[in-house]
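Colleague: Need coordinates for the below:
(chains A and B)
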Protein chains: 2
Amino acid sequence: MKILIVGGTGTIGQAIVKELSQRHNVIVVGHRQGSMIVDIADKTSIEAMYKQVGRVDAVVAAAGAVHFGALQEMSAAEYQIGLQSKLMGQVNLVLIGLSYLNDSGSFTLTSGSASDDPYRYGSSPAMVNGAINGFVKGAAIEMPRGIRINVVSPTILTESMKDYGHYFRGFEPVPAIRVALAYSKSVEGAQTGQVYRVGAYF
Amino acid sequence: MKILIVGGTGTIGQAIVKELSQRHNVIVVGHRQGSMIVDIADKTSIEAMYKQVGRVDAVVAAAGAVHFGALQEMSAAEYQIGLQSKLMGQVNLVLIGLSYLNDSGSFTLTSGSASDDPYRYGSSPAMVNGAINGFVKGAAIEMPRGIRINVVSPTILTESMKDYGHYFRGFEPVPAIRVALAYSKSVEGAQTGQVYRVGAYF
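Modeller: Now for the predicted structure:
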């Protein structure tokens, strides 16, 4: 398969590339580095990326910004960051990508555990992740040409505990390589409309 | 209690008013009618409403627009309708309303079943409802002064089947008066961070 991995340079992205490049032709796209650059908050940038890449068998997205902040200090503009980047960035990767995806291809997006298992300063990720999970369930039943769509919702990564662990006391971290398995299941399996919750949600 | 019901003129809103006005001082706010008018997509309009109403014990929101359309025909702009109105409209009712809500008061928002039990043309409501549910779970754990927040997620209303039933074949409708009970539970009970799924989600 020819697989486009948007955000393939990040912590999860690198693990996905490691897992899928063993068996597939993987194209790594990053925000600042990678074999190609894209700004998923910018539709023009997404369109340019797809035009350059051409037809693909799978699109994986592990990208998008979201603002963390105390509820009482959050502004509507700060919620917009996650809505425009992590949410609509990934949604636009789907809407525009539909013209480039081969029959029976797949989209795999990324959300996160905040919408199910919230933490302090996480009301924006909770909103955005819930939105992505909902969109994927809604979009899955309307996909044309046997195209599938799933989303991976990981808890805090082991690799992120050094920098962000103080926000996630008591949360059991999951290694990126384990999270990567869910992307493999989505891309190489046959399920659709699934939210793969990876890690412990207790 | 002094309870502000935004969207109190709609199908669900009228049932909420009927339920809560038996025991409380209810202020009905509508988009086009009601004792007060508000446009929840406009922050200035929300601020003006709260200034006029003053302090309250509970804010109930059963309001907000969202675009229904086939996935392959949906534009990013059409997704923005739901994000700016039903989602951020309700979120702004919370963020701005925090200054007007008495200690131990409550917010009760409205989502819908699309994010759990999707239907055709529903990818935008699925996204928006998932976002509202996620926001409520995230916001609940950061609420100050004993303030609570819940969300009611109803399936299709019995009252809406005449106009929209053809989109919801096989969905078991729920009468608005039954949905109204969940708002009563949220406002008059003590739970927080709950998604009250009302109706059959099979």
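Colleague: how much distance is there from the lengthiest helix in chain A to the middle of the chain?
Modeller: In chain A, assigned by DSSP state H, the helix with the most residues is helix A:123-140. The offset between the C-alpha centroid of helix A:123-140 and the centroid of the whole chain comes to 11 Å, using Cα atoms, centre = their mean, to the nearest Å.
Colleague: Let me see the mean pLDDT of that helix.
Modeller: When pLDDT is averaged over helix A:123-140, the result is 98.
Colleague: So it, near chain B or not?
Modeller: Yes. Judged by Cβ under 8 Å from any Cβ of the partner chain, helix A:123-140 and chain B are in contact via A:123-135, A:137-140. In short, each C-beta sits where N, CA and C put it, glycine included.
Colleague: I'd like to check the angle between that helix and helix B:123-140, please.
Modeller: Angular relation of helix A:123-140 and helix B:123-140 on a 0 to 180 degree scale: 150 degrees, by axes from the mean of the first three to the mean of the last three Cα atoms, to 10 degrees.
Colleague: need the next SSE after helix A:123-140, C-terminal direction.
Modeller: Once the chain leaves helix A:123-140, the next helix or strand it forms, by DSSP states H and E, is strand A:148-154.
Colleague: Using PDB, write out the CA atom coordinates for that following strand.
Modeller: As requested, C-alpha coordinates have been extracted for strand A:148-154 and formatted as PDB (Å, rounded to 0.1, in the frame of the first residue of the first chain):
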ATOM      1  CA  ARG A 148     -13.200   3.200   5.700                       C
ATOM      2  CA  ILE A 149     -12.400   5.700   8.500                       C
ATOM      3  CA  ASN A 150     -11.300   5.100  12.200                       C
ATOM      4  CA  VAL A 151      -9.700   7.100  14.900                       C
ATOM      5  CA  VAL A 152      -7.100   6.300  17.500                       C
ATOM      6  CA  SER A 153      -7.600   7.800  20.900                       C
ATOM      7  CA  PRO A 154      -4.500   7.200  23.000                       C
END
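Colleague: pretty sure A:R197 is in a strand, no?
Modeller: Yes. Residue assignment for A:R197, taken from DSSP: H, G, I helix; E, B strand; the rest coil, places it within a strand.
Colleague: my guess is it meets A:S153, correct?
Modeller: Yes. At 4.9 Å, A:R197 counts as touching A:S153 under the criterion of Cβ atoms under 8 Å.
Colleague: what is in contact with those two at once?
Modeller: With contacts taken as Cβ atoms under 8 Å, 6 or more residues apart in numbering or on different chains, A:R197 and A:S153 have A:S113, A:D116 as neighbours in common.
Colleague: neighbour-wise, which of those two wins?
Modeller: Taking A:R197 and A:S153 together and counting by other Cβ atoms under 10 Å in any protein chain shown, A:S153 has the greater number of neighbours (26 against 19).
Colleague: Number of residues surrounding the residue nearest to A:A65 when sequence neighbours are not counted?
Modeller: Ranked by Cβ to Cβ, 6 or more residues apart in numbering or on different chains and with sequence neighbours excluded, the top spatial neighbour of A:A65 is A:S85, at 4.2 Å. Look at A:S85: counted by other Cβ under 10 Å, it has 21 neighbours.
Colleague: Same check on A:Y100?
Modeller: Neighbours of A:Y100 under the rule other Cβ under 10 Å: 17.
Colleague: quick one, what contacts it?
Modeller: Residues touching A:Y100, when contacts are defined by Cβ under 8 Å, 6+ apart, comprise A:Y50, A:V53, A:G54, A:R55, A:V56.
Colleague: for the record, mean pLDDT for stretch A:78-92?
Modeller: 98.
Colleague: can you tell me the distance between the two ends of it?
Modeller: 20 Å (Cα to Cα, to the nearest Å).
Colleague: Would you mind listing the outside residues contacting that stretch?
Modeller: The list of residues contacting stretch A:78-92 from outside it, by Cβ under 8 Å, 6+ apart, reads A:40-41, A:43, A:46, A:61, A:63-67, A:69, A:109-110, A:124-125, A:127-128, A:131-132, A:135, B:76, B:79, B:83, B:87-88, B:91, B:127, B:131.
Colleague: out of the residues you listed, which are buried?
Modeller: Neighbour counting by 16 or more other Cβ atoms under 10 Å in any protein chain shown classes A:40-41, A:43, A:46, A:61, A:63-64, A:66-67, A:69, A:109-110, A:124-125, A:127-128, A:131-132, A:135, B:79, B:83, B:87-88, B:91, B:127, B:131 among the contacts of stretch A:78-92 as buried.
Colleague: buried stuff in stretch A:70-83?
Modeller: When neighbours are counted by 16+ other Cβ under 10 Å, the buried residues of stretch A:70-83 are found to be A:L71, A:M74, A:Y79, A:Q80, A:I81, A:G82, A:L83.
Colleague: Look through chain A and tell me its longest strand.
Modeller: Once chain A is assigned using DSSP state E, the strand that runs over the most residues is strand A:101-110.
Colleague: got the angle between that one and strand A:148-154?
Modeller: Here the directions of strand A:101-110 and strand A:148-154 differ by 20 degrees (the same axes, to 10 degrees).
Colleague: Within the sheet, what are the partner strands of strand A:101-110, with directions?
Modeller: The sheet places strand A:101-110 alongside strand A:56-61 (parallel), strand A:148-154 (parallel), with pairing taken from DSSP bridges.
Colleague: who are the neighbours in contact with the most centrally placed residue in chain A?
Modeller: Of all residues in chain A, the one closest to the mean position by Cα atoms, centre = their mean is A:T110, 2.4 Å from it. By Cβ under 8 Å, 6+ apart, the residues touching A:T110 are A:G7, A:I12, A:A61, A:A62, A:A63, A:G64, A:Q90, A:I132, A:V151, A:V152, A:S153, A:P154.
Colleague: Please name the residues that touch the closest residue to A:I132 other than its chain neighbours.
Modeller: Excluding its sequence neighbours, the residue lying closest to A:I132 (Cβ to Cβ, 6+ apart) is A:S111, at 4.2 Å. A:S111 is in contact with A:V128, A:N129, A:G130, A:I132, A:N133, A:V151, A:V152, A:S153, A:V195, counting by Cβ under 8 Å, 6+ apart.
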